[in-house]
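Chemist: Task: produce atomic coordinates for the following.
(2 chains)
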Protein chains: 2
Amino acid sequence: MADRPVKELGMKTPLEAARKPSLNKIAKTGICGTIDTISPGIPPGSDTATLSLLGYDALKVYSGRGALEAVGSDIDVLPGDICFRCNFATVDENFTILDRRAGRIANEDASKLVESLKKIKPTDSSVKIILKNTVQHRVALVLRGPKLSTAVSDSDPEKVGVKVLEIKPSDRRSESRRTVNILGELLRKFHEVLKEHPVNKGRVKCKLPPANIILCRGAGTIPNIKALPEIYDIDAACVSAISLIRGVCKVAGMNIIDVKGATGTPQTNYMAKARAAVQALKTNDFVLLHVKAPDVASHDGNAKQKVEIIERIDRMLGYILSNVNSDETYLAVTADHTTSSATRDHEGDPVPVAITGPYVRRDDVEEFGERACARGGLNRIRGKDLMPTLMNLLGKTKKFGA
Amino acid sequence: MADRPVKELGMKTPLEAARKPSLNKIAKTGICGTIDTISPGIPPGSDTATLSLLGYDALKVYSGRGALEAVGSDIDVLPGDICFRCNFATVDENFTILDRRAGRIANEDASKLVESLKKIKPTDSSVKIILKNTVQHRVALVLRGPKLSTAVSDSDPEKVGVKVLEIKPSDRRSESRRTVNILGELLRKFHEVLKEHPVNKGRVKCKLPPANIILCRGAGTIPNIKALPEIYDIDAACVSAISLIRGVCKVAGMNIIDVKGATGTPQTNYMAKARAAVQALKTNDFVLLHVKAPDVASHDGNAKQKVEIIERIDRMLGYILSNVNSDETYLAVTADHTTSSATRDHEGDPVPVAITGPYVRRDDVEEFGERACARGGLNRIRGKDLMPTLMNLLGKTKKFGA
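Modeler: Take a look at the predicted model:
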């Protein structure tokens, strides 16, 4: 949601340009500030930023995207499991990549291919394989077993026209060498099965790129963190359509709520998410409601669409304001990072935050915006400090000292 | 440049009292804030402050002034070299210090003495000695060899009328004992040569204090840091007349630019430095332009001179503003520390900062001053956060997370 000043909006940010009575009401009745979700100038990923906003020190606990996305795809990842983000891709007979997404293969085809791949086992029977296709070409791969390591390089060069990379250990431990051997064997076996698979023969006939290889990257484990219910003695829930965010929240011990029509796109069902969040508040102390859409518009460089999305979010917040008991509910609004609609990328500028609810030290900020909030009473805080601030308002933080 | 309110300036700071249209323009068109170069209340040294402003965690990487000054004096210091800051001084026959600077001995005399001292070798031939006189009485001494240590106390008591201190190991490691033995032997041999040296005999005849001893302090190594070009993939340059600052910048992998007339004094050639900086920007992504003069005036307790110096700096900035392309250049102005012209020392108050350039979140601060900037959109940040903030504006920071 946060951005830099945009030329076509008269050097306002999309948030500043939007009509946003509910966001402004939250700012006006609350205490405002800015947040560096990681630290000043560092562009956060959505995973590290969300970990931080949930109170964790991402610089210490983050252990890669692969595992969080696998968890978010409803794979039951255990501590020690080595997770990879994989793609179905298309290569020629020399292993040169022709299409990194196998023509964004349909879920149906991908499911059939994964069903066949599930039958493949590594020679080393102590290692178990979990494979799951999520959306289109995206596949999560998990290795479970003794003496495995995340110190394994990627086979995915992340561009086309070049060869598939050889997987190598990135340190000298025998665990890393062993992981490379097991993964390498698997990927070769996958390729053998895929290149002869009827689904791919059908695709070639229809002039579609065959999904004849699996590319891997981002070896990771789930972060070793205490769950929010354990830290604060709360029940917590998450409303998000994005696997990565759902994964972070699951690892944080939150209840993941599925919402029909929540898509992670600008066309998501905002009101359905709002209703789900209000409902979840009846049985949870803390609910995280995440909307991906402003980030999508920013990555597309579409500042005007971003303004419209913020206005839809504002109406969603209007519903929430009208449907929660303001005498006993705190509402905090923020973003996980700045995404510039000019650079179309995550940036290191801080994000605005406003917290409203009983007895907060209301300041004189009257508008929810990047610059208005910078004059607020919270000043400039780090992402990991937001959750303790909120939990303290709920009476859920423990005294440090006596 | 930063100061506290000064009585003779009507309780304005020198920065607030100065006429400074260019500084104000930078503040007005930019985003402002304050910086604790180390942390609130801690008076920074120029070395630790500059390390911080270049993005390093000085509390972790700082390893003494000696090595930085040696590097800044164009000695080719290697990792592991033990560097000392030394002075030519005058002692009587009982080693009582009569003059810590040997009458601020002229460079010419000092050079001749150092030439003789260079012939001295330690008994232990595995250790090499590098000796260089910089300005007046100042000498850099470097020990290079195996099994040396920085855990060595100073021989310089930093006052007159007391005896030269005996050098002692400050921990129990054999390396420290060994270093003490080698250094002690050297300093004795230096004294033997110096007391009989024709230059000193000449000085005594002219009633000048003989430079008959070398005093040592501040054993240090170069900090183990990644260079800026490696961290941010940039070319960086430094315009400064001060060895210590040049040393920090050199260790940070920056190109050191020599400017004729740049002296590190209030009489420095401000415009020559500005021209050099503008020129350097043509082949570098980042240029640090450092002016020592305001600090000199503060140490002299001369607030009025400090105001004049700030006004000269303002004119220098006027040249820069007129000679860089504002559509593609960011300009950040700050100080490395507060120096109080009342206490005549570095103080722990934060310093003001303003950053102007394309698409910064311009705030409503209209003046560049300690108090005006404290109301700005950057709020209060740490020194080490400035560089990532600037590099992010240049698109040079890497995303943390995915």
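
Chemist: doesn't A:C86 make contact with A:A219?
Modeler: No: with contact defined as C-beta atoms under 8 Å, A:A219 and A:C86 do not form a contacting pair (10.9 Å). The C-beta positions use only the backbone N, C-alpha and C, and glycine is treated the same way.

Chemist: Can you name every helix or strand that the strand or helix carrying A:V333 contacts?
Modeler: For A:V333, the host element (DSSP states H and E) is strand A:331-334. If you count contacts as 3 or more C-beta pairs under 8 Å, 6 or more residues apart in numbering or on different chains; DSSP states H and E, strand A:331-334 packs onto helix A:21-29, helix A:303-323, strand A:351-356, helix A:386-393.

Chemist: any chance of the ones you listed in CSV, with distance to chain B and mean neighbour count too?
Modeler: Shown next, in CSV, are the helices and strands packed on strand A:331-334 (distance: least, C-beta to the nearest C-beta, whole Å; neighbours: other C-beta atoms under 10 Å in any protein chain shown):
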stretch, distance to chain B, mean neighbour count
helix A:21-29, 16, 20
helix A:303-323, 12, 20
strand A:351-356, 10, 26
helix A:386-393, 16, 18
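
Chemist: so which of those gets nearest B:S298?
Modeler: strand A:351-356 (37.5 Å; C-beta to C-beta).

Chemist: Need the contact partners of the closest one.
Modeler: Contacting residues not belonging to strand A:351-356 are listed as A:1-2, A:15, A:23, A:25-27, A:29-35, A:37, A:326, A:330-338, A:365, A:368-370, A:372-374, A:376, A:378, A:381, A:386, A:389-390, A:393 [C-beta atoms under 8 Å, 6 or more residues apart in numbering or on different chains].

Chemist: again, but for stretch A:371-381
Modeler: In this structure, residues lying in contact with stretch A:371-381 by C-beta under 8 Å, 6+ apart are A:13, A:16, A:27, A:31-36, A:350, A:352-355, A:361-363, A:365-366, A:389, B:361-363, B:375-381.

Chemist: and the residue of the stretch 201-350 of chain A nearest chain B?
Modeler: Closest residue of the stretch 201-350 of chain A to chain B, C-beta to the nearest C-beta: A:G348 (3.7 Å).

Chemist: My understanding was that that residue contacts A:I42; is that so?
Modeler: Yes: using C-beta under 8 Å, A:G348 is in contact with A:I42, at 5.0 Å.

Chemist: Identify the contacts common to those two.
Modeler: Overlap between the contact sets of A:G348 and A:I42, as judged by C-beta under 8 Å, 6+ apart, is given by A:D36, B:P388, B:N392, B:T397.

Chemist: Quick check: the gap between the second one and A:E347.
Modeler: Counting by C-beta to C-beta, to the nearest Å, the gap from B:P388 to A:E347 is 11 Å.

Chemist: burial measure for whatever residue of the stretch 51-200 of chain A ends up closest to chain B, as a count.
Modeler: Here the residue of the stretch 51-200 of chain A nearest chain B is A:R65; by C-beta to the nearest C-beta that distance is 3.9 Å. When neighbours are counted by other C-beta atoms under 10 Å in any protein chain shown, A:R65 registers 22.

Chemist: next one: A:T265
Modeler: The local packing of A:T265 (other C-beta under 10 Å) involves 11 other residues.

Chemist: The one 10 residues further on now?
Modeler: With neighbours defined by other C-beta under 10 Å, the count for A:R275 comes to 17.

Chemist: doesn't A:Y319 make contact with it?
Modeler: Yes: counting by C-beta under 8 Å, A:R275 does reach A:Y319; the two are 7.4 Å apart.

Chemist: A:T263 looks like it's in a helix, true?
Modeler: No: secondary structure assignment places A:T263 outside any helix; it is coil (DSSP: H, G, I helix; E, B strand; the rest coil).

Chemist: Make JSON lines out of the helices and strands packed on strand A:331-334 and add mean pLDDT and distance to B:T134.
Modeler: Compiled in JSON lines, these are given as follows (pLDDT from 0 to 100; distance: least, C-beta to C-beta, whole Å):
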{"stretch": "helix A:21-29", "mean pLDDT": "98", "distance to B:T134": "56"}
{"stretch": "helix A:303-323", "mean pLDDT": "98", "distance to B:T134": "55"}
{"stretch": "strand A:351-356", "mean pLDDT": "98", "distance to B:T134": "48"}
{"stretch": "helix A:386-393", "mean pLDDT": "98", "distance to B:T134": "50"}
